[in-house]
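Asker: got a predicted model here, sequence first, then my questions.
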Amino acid sequence: MIASLSSALSYLLDGLVAVARDLLLVEADCAANLPSRSWLERLADLAKKAQPPHCATSSKQLPAIEPLGVTPTALKLLLKAVKHHYGDDYITKTTTQVCDDVVKPLLAPIPNLSLVQLLQHASREKESGASANLVLPGLELKPANRFVSHAWRYTFAQVVESLLRYAEEQEEEMYYWFDLCCNNQHSAASLPYEWWTSVFATSVGNIGHTLLLYGPWDDPVPLKRSWCLFELHTSVKQGCQATVLLMDGQGLKEVLETGVADGITMALSTIDARSAEAWNPDDKAKIDQAVEASIGFVELDIQVQAYLRDSIAKQADELLLVDKANLGLMGGVASLYLDQGHLEQAELLYQRALEGYEATDGHDHSATLSAVNNLGNLYYTKGDYAQAKSLYTRALSTREVTLGPDHIATLASAYSLATLYSTQSNFDEAEALYCRVLAGRQAKLGPDHPATLNVTYNLANLYSTQGRVGEAESLYRCTLAGREAKLGSNHPATLDVLLNLGQVCQAKEDFDQAESLYHRALEGYQAKLGPDHPLTGCVINNLANLYQAQDKLKDAEPLYHRALAIKSRLLGPDHPDTLNSVNNLAVLYKKQGKLREAEPLYSQALTGYEASLGRFHRHTLMAAINLGNLYIASERVSEAQPLYRRALTGFQATLGPDHPNTSIAAQLCKLTKA
């Protein structure tokens, strides 16, 4: 075995002598005027002096995992060896190719060892005195302090260079548990799944810190790989800290400074373990079987998304603490907070960024106006429409003067203001702006550009809300054709159009067509996201609404219960989408005359909306009216009156005196003398 090991290593050695000589001058050899020799050649010499440790285990015993991590020096040397093996083409070789072409052949004579175990053997030989005069970098092995999760489709050079860059930024010495080096690559593929869920999982927990190599930032490869998602799920279960390391030399700071934080959140929202891939179909089947038998795909998606979201937010906080005056970073972190629902933190940072830009660049600078629009988005999300309108109007009017009415940035401001008007039911103003933006984007970007289709879709929503179902249907079908061509039939954005088109058909009382569209959407969501995903629950909820509209109450009730169960489990009892299903079930019970069953659901919806959306949000105010209506049906007028007064006050403050909702609340107050 010893001779064969030396033979297996020799194919790398001749060329590596020249590569390694620049890095590895061995003091003992220099003193004796002997030529310096390569890293791997010295490992081969050490291996000749003693039998490497035998690592076989009984058939009933799961093999132990080596908890040691490799140093950045060892990875740098291995990268040098890979570069010599492939030549200039090394930069294109994936980690999978390096494993097959370099690591496996290197260890073929000793297939029961990993590269780390070979280094460990060499280190023991040196410590025993057998090679006391030998200086060999890369032998230092200590318990790993970072578990590296990466996609094997990344190039090996990308992976190593990212790990070296990260190590340079850390105060402590890095010891990486890197599977290429730390797992026995001859047997890793045949390890039973039980090993991964027990021995491996425990070791990840003992390391305590997972380092995810992540890129590109807006379409990260690991989120589409079954093994990476499994490793992240394992890290969640084991309570590990996580660090997301962006690839290609671009750090999180640079990404946040570009103002595209929403892309990070959007990428996380695409996590879909069911559709993730693995190089080995058997691995994919084992992982899927285990997920289905335990937490399920949807729960895994939610866990991993929250894990990475929280990790990225923590890293962003740390960046901002170091660079407090960086306005671009400040705005990027604020956008990250907004996308994650942390509205108070986002508002504070947006305000600070706007004040900073106004002080340094002036009130009309493009960066200042972007900050104005961002703060407007924050207030819109909070339901503070007056503040949002003031900021959107400022950004639009200034951009019209400085950039022109048809500039892409000007159209973006007009689009934001149109969306606000639509929410406030200012339909004429919203329609005029949407039509302006649609014409501008069609001219600038083309009719099938995703940004153009977004305007088409929202204009259809506006028409649908107004009851202009013919115009809405036409635009929905246009959007559907465009998104099917660009994104595919089962993309969530395409399925959203099916859902809204079904609502239009329902409004036209074309119930058969509506049901067909809902079922198409349901099949698509179940295939893409699984039967228990919140969006699947939304389709089930709409299908229940359809049956209720046809007085098929017995058909509707189990669907409402199913939708509510999905949303309660995955989103929590106080999430607005969950509360929508609570409210719908209450409406059904009231329609059935089950007032006792309806009352606690209406109360739950009101309390939940107030806690999650605020006292004056339109959903909260409509819930107050719904509960008041129940009290009227129960002949409890005195309990309904304060709810109607509250709704009237809220709608007057947020929507104005002429809004239809305000008028309804005013009429209810008048009828009950509230």
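Answerer: The structure has been received and is ready for your questions.

Asker: max-length helix in this protein?
Answerer: Using DSSP state H, we find that the single longest helix of the chain is helix 297-322.

Asker: and that helix, what's buried?
Answerer: Within helix 297-322, the residues scored as buried using 16 or more other Cβ atoms under 10 Å are 297-305, 307-309, 311-313, 315-316, 319-320. Just so you know, the C-beta spots here come from the backbone N, C-alpha and C atoms, and that holds for glycine as well.

Asker: cool, stretch 638-645 as well?
Answerer: 640-641, 643-645.

Asker: are we agreed that Leu212 is in a strand?
Answerer: Yes. Assigned with DSSP: H, G, I helix; E, B strand; the rest coil, Leu212 falls within a strand.

Asker: picking up where we left off before, check the buried residues of stretch 638-645 and tell me the two furthest apart.
Answerer: Greatest spatial distance in the buried residues of stretch 638-645: Ala640 and Arg645, 9.7 Å, computed using Cβ to Cβ.

Asker: mutual contacts of these two, please.
Answerer: Ala674 (Cβ atoms under 8 Å, 6 or more residues apart in numbering).

Asker: how about the spatially most central residue of the chain: what's its closest non-neighbour residue?
Answerer: Geometric centre of the chain, nearest residue: Leu268, 0.9 Å, by Cα atoms, centre = their mean. Excluding the flanking residues, the one nearest Leu268 by Cβ to Cβ, 6 or more residues apart in numbering is Gln305, at 5.0 Å.

Asker: sorry, back to before: quick check, nearest of the buried residues of stretch 638-645 to Tyr175?
Answerer: Of these, the one sitting nearest to Tyr175 (Cβ to Cβ) turns out to be Leu643, at 62.3 Å.

Asker: wouldn't that closest one be in contact with Ile632 here?
Answerer: No. Look at Leu643 against Ile632 with Cβ atoms under 8 Å: they stay out of range, at 9.9 Å.

Asker: could you list the low-pLDDT ranges of the chain?
Answerer: 1-63, 125-139, 248-250 (pLDDT under 70).

Asker: who touches stretch 439-446?
Answerer: So stretch 439-446 is contacted by 406, 408, 411, 414, 449, 451-452, 455 (Cβ under 8 Å, 6+ apart).

Asker: likewise stretch 68-79?
Answerer: Outside stretch 68-79, the residues that touch it by Cβ under 8 Å, 6+ apart are 20, 23, 39, 115-116, 119-120, 137-146, 156-157, 160-161, 163-164, 167, 173-178, 181-182, 207.

Asker: just the buried subset of these, written out for PyMOL, thanks.
Answerer: In PyMOL, this line selects whichever of the contacts of stretch 68-79 come out buried by 16+ other Cβ under 10 Å:
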select buried, resi 20+39+115+116+119+120+137+138+139+140+141+144+145+146+156+157+160+161+163+167+174+175+176+177+178+181+182+207
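
Asker: which ones among the contacts of stretch 68-79 lie within helices?
Answerer: Filtering the contacts of stretch 68-79 for helices - DSSP H - leaves 20, 39, 115-116, 119-120, 156-157, 160-161, 163-164, 167, 181-182, 207.

Asker: identify, from the buried residues of stretch 638-645, the entry nearest to Arg569.
Answerer: Leu643 (29.9 Å).

Asker: next one: that closest one from Leu668, what distance?
Answerer: In this view, Leu643 and Leu668 are 9 Å apart by Cβ to Cβ, to the nearest Å.

Asker: which residues are common contacts for those two?
Answerer: In contact with both Leu643 and Leu668: 625, 628, using Cβ under 8 Å, 6+ apart.

Asker: and Asp404, how many neighbours does it have?
Answerer: Careful, residue 404 is Gly and not Asp. 10 (other Cβ atoms under 10 Å).

Asker: can you classify it by secondary structure?
Answerer: coil.

Asker: wait, it sits on Thr398?
Answerer: No. With contacts counted by Cβ under 8 Å, Gly404 stays clear of Thr398, the gap being 11.7 Å.

Asker: what's His150 in contact with, if anything?
Answerer: By Cβ under 8 Å, 6+ apart, the neighbours of His150 are 95, 159, 212-213, 222, 228.

Asker: could these go into JSON lines alongside distance to Tyr350 and neighbour count?
Answerer: What follows is the contacts of His150, written out as JSON lines (distance: Cβ to Cβ, whole Å; neighbours: other Cβ atoms under 10 Å):
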{"residue": "Thr95", "distance to Tyr350": "41", "neighbour count": "22"}
{"residue": "Val159", "distance to Tyr350": "36", "neighbour count": "23"}
{"residue": "Leu212", "distance to Tyr350": "28", "neighbour count": "24"}
{"residue": "Leu213", "distance to Tyr350": "31", "neighbour count": "22"}
{"residue": "Pro222", "distance to Tyr350": "31", "neighbour count": "25"}
{"residue": "Cys228", "distance to Tyr350": "33", "neighbour count": "23"}
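
Asker: closest one of these to Gln241?
Answerer: The closest of these, once distances to Gln241 are taken by Cβ to Cβ, is Leu212, at 11.3 Å.

Asker: which residue packs closest to the closest one, ignoring adjacent ones?
Answerer: Nearest to Leu212 is Ser149, by Cβ to Cβ, 6+ apart, at 4.8 Å.

Asker: so the one you found versus Ile271, what's the distance?
Answerer: Ser149 is 14 Å from Ile271, by Cβ to Cβ.

Asker: and what of Leu141?
Answerer: 34 Å.

Asker: kindly export stretch 349-367 (C-alpha atoms) in PDB.
Answerer: C-alpha atoms of stretch 349-367 as PDB (Å, rounded to 0.1, in the frame of the first residue of the first chain):
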ATOM      1  CA  LEU A 349     -32.500  54.400   8.600                       C
ATOM      2  CA  TYR A 350     -34.500  55.800   5.600                       C
ATOM      3  CA  GLN A 351     -34.900  59.100   7.400                       C
ATOM      4  CA  ARG A 352     -31.200  59.300   8.300                       C
ATOM      5  CA  ALA A 353     -30.200  58.500   4.700                       C
ATOM      6  CA  LEU A 354     -32.500  61.100   3.300                       C
ATOM      7  CA  GLU A 355     -31.300  63.800   5.700                       C
ATOM      8  CA  GLY A 356     -27.700  62.800   4.800                       C
ATOM      9  CA  TYR A 357     -28.300  63.000   1.000                       C
ATOM     10  CA  GLU A 358     -30.100  66.400   1.300                       C
ATOM     11  CA  ALA A 359     -27.100  67.800   3.300                       C
ATOM     12  CA  THR A 360     -24.400  66.500   1.000                       C
ATOM     13  CA  ASP A 361     -26.000  66.400  -2.500                       C
ATOM     14  CA  GLY A 362     -28.900  68.800  -2.300                       C
ATOM     15  CA  HIS A 363     -32.700  68.300  -2.600                       C
ATOM     16  CA  ASP A 364     -32.900  67.600  -6.300                       C
ATOM     17  CA  HIS A 365     -30.000  65.100  -6.700                       C
ATOM     18  CA  SER A 366     -30.900  61.700  -8.100                       C
ATOM     19  CA  ALA A 367     -29.600  59.900  -4.900                       C
END
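
Asker: before I go, just wanted to say thanks for your time.
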